[in-house]
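A predicted structure for the sequence below; I have some questions about it.
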Protein chains: 2
Amino acid sequence: MTTASNYSELCRVWARIYRFNHLSAIVGWDRNAMMPPKGNAARAAAEAELQTLIHRTRTEPRLAELLRAAEQEPLSELEHANLREMRRDWRDANALPESLVEAKSLAGAKCEHAWRTQRPANDWQGFLANFREVVRLSREEARLLAAESGLSKYDALMDRFEPGVRAADMDRLFADLKQWLPGLVARVQSKQRAETVIAPAPPFAVAAQRALNHDVMALLGFDFAAGRLDESAHPFSGGVPEDVRLTTRYREDDFAQSLMGTIHETGHARFEQNLPREWLGQPLGVARSYGIHESQSLSFEMQLARSRAFVGLLAPLLSAQLGAQPAFAADNLYLLLTRVKPGLIRVDADEATYPAHVILRYEIERALIEGEIEADDIPALWDEKMQALLGIDTRGNYRDGCLQDVHWPDGAFGYFPSYTLGAMYAAQWFAAMRRAVPDLDSKIAAGDLTPVFAWLNANIWSQASRWETPELVKCASGEALNPRYFREHLETRYLAA
Amino acid sequence: MTTASNYSELCRVWARIYRFNHLSAIVGWDRNAMMPPKGNAARAAAEAELQTLIHRTRTEPRLAELLRAAEQEPLSELEHANLREMRRDWRDANALPESLVEAKSLAGAKCEHAWRTQRPANDWQGFLANFREVVRLSREEARLLAAESGLSKYDALMDRFEPGVRAADMDRLFADLKQWLPGLVARVQSKQRAETVIAPAPPFAVAAQRALNHDVMALLGFDFAAGRLDESAHPFSGGVPEDVRLTTRYREDDFAQSLMGTIHETGHARFEQNLPREWLGQPLGVARSYGIHESQSLSFEMQLARSRAFVGLLAPLLSAQLGAQPAFAADNLYLLLTRVKPGLIRVDADEATYPAHVILRYEIERALIEGEIEADDIPALWDEKMQALLGIDTRGNYRDGCLQDVHWPDGAFGYFPSYTLGAMYAAQWFAAMRRAVPDLDSKIAAGDLTPVFAWLNANIWSQASRWETPELVKCASGEALNPRYFREHLETRYLAA
């Protein structure tokens, strides 16, 4: 027996969990990207069996004592961080009774399945019938997690996506945003109305878009020996760090959707592909929170790929694969990729109006979880907030209003803030990067992306779950999350010159 | 508690195993058809973890008592058959100590890995160094299985691939074959030397071959909503009955390899896709033995697809997808697809010379397992038997001789007979089918394949593991395996008219 035998035993348990999660990730990718429809029932049964097994492994009764005993053992700093992450994973798995986890999973699956047809049918009342149960179980989940952690109910849910970030933090960030964002959006729109933009002329053959995406992924350093790009109805970044599986979707009338989506997912992918190999298999080696992960996809999609310098690199690739056309001239392409326009749909929103969609959802879901409102109240609140934040009337349009996202039917409350946290972190990373590399943009313009990758690797990718999120932000950028970088980024890109 | 509560508990255990096997099948398919190279180490660890779990489930100590108690319960005929198959699976899993299974798996993996470079290097001595250990462990495996079952050592190995068929049966079948097959091959060759055959003119674009394969799979009734065709270095039929994953490989200079390979795998696939849905999840619902499975692929590839009638259906599909050329005229295509020529390589052999390759391997591996020869003796025996059976000199050519197959480096002794059993069963099925449907060939020629599918479905597919192999053969064709049908098939196809 070594002096850290309890810790070693915990490492063995989490190595097993890592391997089971590998299986889960690959068959999950397959289900979304490869599986023919009649495979569904057998796959659901096989995946449920695996989830049961993983849950059972994470809730083995002996783990409580092992975790307690390991705290007393002489551990290195990294081992301590690993133990902290084991405990977090253990707490997440053990805080809720299996019956609740199962009931919520069933209610979410039922609600989400019906939502797929209720959304196009604009059927809010039909949706409500299932959704009330999802809300009831999510509140129960929040109540138990809050009791266990001492947090408020909504904080307890959000902590699973963004550990250490609280509703009070979000309130402060969002209050600030609400002060200046509507005015900024108005000023950008007024500026852009004066610009002449040449629209791209479709069609764009899918095979050509696919080749373009491969070119751009290669430029962005994606390792094709350790991952793939495929297609699925809803694009995602899946697989495992050793074998990252990205998906996109193609429209012949719009190359930008697949291209910018691919760039976004490539940001997630490079984080995974560059997690420290020697930590893989342990909780320490897992990518930090949802918000930090989103900071990587948005670093690629928003900070890097929509910069003037990078658009200059994109332009010739577009012409080479899709055929030259006036819209692909670098200056015009830049204008195309930086349009700002308030709209109904979050996933189609530009980076300036996106936060409004998140603020609205955050305010509604927090009140819902805390019991201040009921599910029935959502449409009226949605209308009111869309009007206030983006000046858009959504009355009666549930389809493109409160029925548009999969998160609520799925019961994933507390997730939305991660999107805007990610955008803010990304702006803060690039500000720090420009301080460290003053000629960053001319390097990018010259096709040298190494300073970007080197900074992200040193400060984010290589850190995995070594630090809690707030510590990571400080180590990486020298200060706590500061929304001024996001504001400055938007002002520089959309209002300067 | 019902009166069959032990049996019900066993069903729950094997339903779990079925779901774990589903995961194993899908990640195994992915590894061969999709996985990028750097995913290999993590995948191997995840798959090994899953195999350990499956093995542990099949060897839970309580199963012995449950199986014994279930035998006493009032079960239906189908339940009895299911229990028999559970016991077979349990015996397979429990007959060997885990240490031997692991040692053999490691030795096989090591030998097979080195073989990949030793084969092209013609390095028999290098191969021997690893192979002796594979043989030693396989003999130990055979000894333990024999002690448990009361069979001879080689019979005990073969029983895992073809339950109920013994070396004495193979000796009888092969003695018969050796009597007439060399003479038949010589007569066919002499007949074919007089025929003029137009060679196909390559190249054949991979995309066109892929489209052709899809057309032919559709014609053969493959359900694309319950399966896929992809590509891999070594074609196989994988996945699960609810979602069958076939692979093929393409050469631009030879359309027949991917086409006939795809037809072969489609035969396997239709068996899987038509196993009785209500039995799936239990051992009863698994496709019968390796030999019976091969009888389906060979029913499609040899009996059906190389018949004059079917070649008439193939010809226009070839012209449509690959472009018309003189070689694709039905009469010429038939000549092309029925060439007989003794050769070095088993997997490239035509159906008339194929059994010689199997007989040779069977005789060598049986003597090896029974301890009558040593691994060092193989090349000399190989040369002698190739000369005797096919008149081919292989001295010094290990690469295209005894190093050509993956089975021995992998330690899969007892497998080879299944290939020729499959060919014989297939001939027997088609003889029975022609008795039941006298105008079978004119129906096929008219594009009506339903009588073929209906017969196979009623007699083979729908029976899954309901009967032991010898019973199944009798139920399906009215008699025990009879090699005369294979002989008559070859004589009719290759010597008549």
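Sure, I can see it. Numbers count the residues shown, from 1 in each chain, chains lettered A, B, ... in the order given.

what's the distance between the residue nearest the centre of chain A and chain B?
In chain A, the residue lying closest to the centroid (CA atoms, centre = their mean) is residue A:294, at 4.2 Å. Here residue A:294 is placed at a distance of 24 Å from chain B (CB to the nearest CB, to the nearest Å). C-beta coordinates here come from the backbone N, C-alpha and C atoms, glycine included.

host element of that residue?
Assigned by DSSP states H and E, residue A:294 belongs to helix A:290-298.

What of residue A:397?
Residue A:397 is part of no helix or strand when elements are defined by DSSP H and E.

okay but the residue nearest to the centre of chain A is in contact with residue A:415, surely?
No. Taking CB atoms under 8 Å as the definition, residue A:294 is not a contact partner of residue A:415, at 10.3 Å.

Quick check, pLDDT for the residue of the stretch 1-150 of chain A found nearest chain B.
Residue of the stretch 1-150 of chain A nearest chain B, by CB to the nearest CB: residue A:39 (3.1 Å). Residue A:39 is assigned a pLDDT of 95 by the prediction.

give me phi/psi at residue A:246?
phi -100, psi 150 (degrees, to the nearest 10).

Up against chain B, what does the stretch 51-200 of chain A have?
Contacts of the stretch 51-200 of chain A with chain B, taken as CB under 8 Å from any CB of the partner chain, map to residue A:53.

what are the ranges of the helices in the stretch 51-200 of chain A?
All helices of the stretch 51-200 of chain A, identified by DSSP state H, counting those that start in this stretch, fall at A:62-71, A:77-94, A:98-118, A:124-149, A:153-158, A:167-193.

same check, this time on the stretch 301-450 of chain A
Listed in chain order, the helices of the stretch 301-450 of chain A (DSSP H, counting those that start in this stretch) span A:308-322, A:330-337, A:354-369, A:378-390, A:407-410, A:417-436, A:440-445, A:450-459.

contacting residues for whichever residue of the stretch 201-350 of chain A sits closest to chain B?
Here the stretch 201-350 of chain A gets closest to chain B at one residue, residue A:243, 3.1 Å apart by CB to the nearest CB. Residue A:243 makes contact with A:26, A:226, A:227, A:228, B:35, B:36, B:38, B:39, B:42, B:43, according to CB atoms under 8 Å, 6 or more residues apart in numbering or on different chains.

next one: residue A:327
Taking CB under 8 Å, 6+ apart, we find residue A:327 in contact with A:198, A:199, A:200, A:201, A:333, A:336.

Can you name the two of those that sit furthest apart?
By the measure CB to CB, A:201 and A:333 form the most distant pair in the contacts of residue A:327, at 13.4 Å.

More neighbours: these two, which one.
Taking neighbours as other CB atoms under 10 Å in any protein chain shown, residue A:201 and residue A:333 compare with residue A:333 leading, 22 against 13.

Tell me if I'm right that residue A:218 and residue A:224 touch.
Yes. Using CB under 8 Å, residue A:218 makes contact with residue A:224 at a distance of 7.4 Å.

measure residue A:478 to chain B for me?
With CB to the nearest CB as the criterion, residue A:478 and chain B are 34 Å apart.

brain fart, residue A:367
Distance, residue A:367 to chain B, using CB to the nearest CB: 41 Å.

okay, now that residue: neighbour count?
Per other CB under 10 Å, the neighbour tally for residue A:367 reads 16.

what does residue A:121 give?
Neighbour tally, residue A:121, other CB under 10 Å: 12.

which residue packs closest to it, ignoring adjacent ones?
Leaving aside its chain neighbours, residue A:121 sits nearest to residue A:399 (7.9 Å; criterion: CB to CB, 6 or more residues apart in numbering or on different chains).

coming back round to it: got TSV for the helices of the stretch 301-450 of chain A, with mean pLDDT too?
Formatted as TSV, these follow (pLDDT from 0 to 100):
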stretch	mean pLDDT
helix A:308-322	98
helix A:330-337	98
helix A:354-369	98
helix A:378-390	96
helix A:407-410	94
helix A:417-436	98
helix A:440-445	98
helix A:450-459	98
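
Brilliant, that's me finished.
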